[in-house]
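Structure of the sequence below:
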Amino acid sequence: MEGFVRGLSLPILLALFTTFLTTNIVAASDEGEQGDDVRLVVFTVASAETDGYKRFMRSMDTYNLKVEVLGMNQEWRGGDIVRYPGGGYKLNLLKVGLEKYKDEEDTIIMFSDSYDVIFTTGQEEIIKKFKAFNASIVFSAENLLWPDQSVRSEYPVITTGYPYLCSGLYIGYAPYVYKAVTYTDIEDEEDDQLHFTKLYLDKQKREEWPIKLDHLATLFQNLNGARDDVKLRFEGRNSLLHNIKFNTVPICIHGNGPSKLHLNQLGNYLVNMWSQDNGCLGCEEDRIRITDLPNDQLPNVMIAIFIIVPTPFIDEFFQKIRALQYPKNKIDLFINNQKMFHYDVAKNFTEQAKKEYRSVQSYIPADGFSEGEARMKAVEHFLELDCQYYFNVDADVQIVQPYTLKLLIEQNRPILAPLVSRHGKLWTNFWGDLTPDGFYARSEDYLEIVKYKRLGVWNGAHISYIYLIKGDTLREHPPNFVIEGLDPDMAMCRTYREKGVFMYVDNRHDYGHLITTDYYETSHLHSDLWEIYNNRPDWEAKYIHQDYFRQLQDNHEVTQPCPDVYQFPIVTETYAKHLIEEMENYGQWSNGQSEDARLEGGYENVPTRDIHMKQINYEKHWLYFLKEFVAPVAEKVYPGYYSKAYALMNFVVRYRPDEQPTLRPHHDSSTYTINMALNHHNVDYKGGGAHFIRYNCSCIGLPVGYTLMHPGRLTHYHEGLETTWGTRYIMVSFIDP
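Presented below is the predicted three-dimensional model:
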């Protein structure tokens, strides 16, 4: 306690001491004056059951608070209060609602906005804290003066606390609240906050009634201008909001003005939504179950697929779409491909999809849609269909969870995105917050969410790439993807933020990841080969043999067909096929003569018909491959040797009976050599193989994607056996020359 007191300034100590005295004096007097028969009546105004309203009502229900809702399903006549003064309509509704209570001295009236307010406790605590003020009415307070700056000097001077009245939250005895609302007439579009400000600045009424402001956020916390004043506090099952500036725990949290996103972040935790002990308590609320439904009872879904930029691993993207565990006769596809680079792949998928899915609508680059226009076209198409959900999937997303659709549908949110991120990056499809000018910003919990340290379903500021929208939400609030100066995803999210539609992200499952499309080289026949840096996990999944990593296990013995010659799987057949096709597409095979201008000395002692990796601009990538995948095996099978994994000679050799069928005996200019099989023995060619002369040992018929590894100098004098039929391709590297 001593340390706590020492950390507070004198004005705050005086204010807290005054509050302590007032609390005890009022509590003592109230026992005789008010008794236990004081009741609380809460009023709010809402014209529609928005997501914010539902959150407000959930907090009321959690703490058994009854609320009288005014104006529901009626036209809002209070003006554009987001951008301009207004809200007099609220007071005119409240006048009518208060009529039956205006003479009840033992009734406490509390008014609260609804779309941007969360209650965090029940009636007993509310009444207790209100009585401690010893006032007829208490208004919430804030740092910022609105809407009339000219009255700043008329406010009473305070030593500490929030100085200005905010009309979004107030509480008082019924007769005084009625008098405060009706002390002067107000038009619907006039400002309710200015109405109460003038009342508060009337010194006579302020002191006689009395009227007070909640300067220290004992009852009410307005978030606008106070972001740094509040912190979430986790206490077991509970999550509380602590005003660290005044050491108070307010009971009503108001996201007034531009602080609504901050309220959304806090709302992910407050009112038993999430706690450190129990995790996401709110994740099971309103959830629906479809897992056990027969296929014919599942909702119809339209999947909108967009290929906006040249994208690596597009074949795998389509494979994962097809692998989604959801009946295809319940799925309508909308496909927009904007890049000719992917024309053939998208066309092949579309033609096959027409045989499998309920319907397919596709657009090609020649249709000329901008990205925003294409996304609007998808929404238009959805509105023509009998679908209950709209599932947007950009080609940047690799879905690895086959039950993604069912998991998202069951969560029953208006808009829900599965969290996906780039490998090893903090780049995700989710923004926790926005800057004042509407661009990306991290929320305080962003890192915990994207690193999966806090699991749950999170109300966020922005989603993109992949998301599910309820059909009812989309029909009531069609998104706008075309707003000047904004990317389509930013335009959509702004639309939904302004309409008060919450956008959530779920990080409770590994749904997949984002592909890095930056720096994608599209000048090659198989450009994915070049993605070993930018998208390594996807590159490995496509090109590294499934049994490769087993070779590195301590308890696994690498096969040794000849002394100190090792044989192991390293790449997939797809890799081998693509490498051959890249070489043949390049086509400039050497002539098999010793004179070779590609070499620094211009001479090759044991020439082959080959193409160097450098010639197809792949040497840098290949050297990285040697370091990451070849060297670890070399260091295992040749203990005590540390490989630099460097090679000057990296080339694909082509053997043919009519070109070069054999290779004469030789040593390699390397510490060790790898010789990788790229096509099928006895299918694509016959004969061939390596013969190690000193050991009279031959390796013939190496499976595709397997490599031989052997010492290059001194001990392993070897020759290439004759290829008798077809064409044999091998990949060779002389490592650590």
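
list the buried ones in the helix or strand hosting residue 253?
In the assignment (DSSP states H and E), residue 253 maps to strand 252-254. Using 16 or more other C-beta atoms under 10 Å as the burial criterion, the residues of strand 252-254 that qualify are 252-254. From N, CA and C alone the C-beta is placed, and that goes for glycine too.

Now do that strand: everything it contacts.
Strand 252-254 has contacts (C-beta atoms under 8 Å, 6 or more residues apart in numbering) with 112-113, 116-120, 140, 166, 168-169, 219-223, 241, 263, 266, 270.

at 6 Å what do you get?
The contact list for strand 252-254 (C-beta atoms under 6 Å, 6 or more residues apart in numbering) reads 117-119, 168-169, 220-222, 241.

Same check on stretch 551-570?
Under the contact criterion C-beta under 6 Å, 6+ apart, stretch 551-570 has outside partners 545, 547-548, 550, 632-633, 637, 692, 695, 697, 699, 705-711.

Show me which of those residues are buried.
545, 548, 633, 637, 692, 699, 705-711.

Redo those as CSV? Include pLDDT and secondary structure.
Formatted as CSV, these follow (pLDDT from 0 to 100; DSSP: H, G, I helix; E, B strand; the rest coil):
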residue, pLDDT, secondary structure
545, 98, coil
548, 98, coil
633, 98, helix
637, 97, helix
692, 98, strand
699, 97, strand
705, 98, coil
706, 98, strand
707, 98, strand
708, 98, strand
709, 98, strand
710, 98, strand
711, 97, strand
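
For residue 280, state which of these is nearest.
Minimum distance to residue 280 across the buried ones among the contacts of stretch 551-570 is 38.0 Å, recorded for residue 548 (C-beta to C-beta).

Skipping its backbone neighbours, what lies nearest residue 698 in space?
Once flanking residues are discounted, residue 698 sits nearest to residue 691: 4.4 Å by C-beta to C-beta, 6 or more residues apart in numbering.

The one you found in helix, strand or coil?
Classification of residue 691 using DSSP: H, G, I helix; E, B strand; the rest coil returns strand.

Now do the strand holding residue 253, average pLDDT.
Computed over strand 252-254, the mean pLDDT rounds to 98.

I'd like the numbering to begin with 40 instead of 1 from here.
Okay, using 40 as the starting number, the last item reads as strand 291-293.

Following the chain onward from that strand, which element is next?
Following strand 291-293 in sequence, per DSSP H and E, is helix 299-306.

Residue 447: which of the buried residues of strand 291-293 is nearest?
Of all the buried residues of strand 291-293, residue 447 sits closest to residue 292, with 28.7 Å by C-beta to C-beta.

how far away is that closest one from residue 280?
Plainly put, residue 292 is 6 Å away from residue 280 if you go by C-beta to C-beta, to the nearest Å.

Can you check which residues contact both of these two?
Common neighbours of residue 292 and residue 280 are not found (criterion: C-beta under 6 Å, 6+ apart).

what separates the helix or strand where residue 211 lies from the chain centre, distance-wise?
Taking DSSP H and E as the definition, one finds residue 211 inside strand 203-212. Distance of strand 203-212 from its chain centroid, counting by C-alpha atoms, centre = their mean, to the nearest Å, is 37 Å.

Quick one: end-to-end distance for stretch 334-347.
Criterion C-alpha to C-alpha, to the nearest Å; first-to-last residue distance in stretch 334-347 is 32 Å.

Show me what counts as buried in it.
By neighbour count with 16+ other C-beta under 10 Å, stretch 334-347 contains the buried residues 337-347.

Please state the mean pLDDT value computed over that stretch.
On average, stretch 334-347 scores 98.

ditto for stretch 622-633
Stretch 622-633 carries an average pLDDT of 96.

can you check stretch 404-412 too?
Averaged across stretch 404-412, pLDDT comes to 97.

Equivalent analysis for stretch 684-694, please.
On average, stretch 684-694 scores 96.

Could you tell me whether residue 399 really is in a strand?
Yes. According to three-state DSSP, residue 399 belongs to a strand.

which residues sit against stretch 144-159?
76-83, 85, 89, 91-92, 95, 98-99, 102, 140, 207-210, 213, 216, 290-294, 299, 302, 306, 309.
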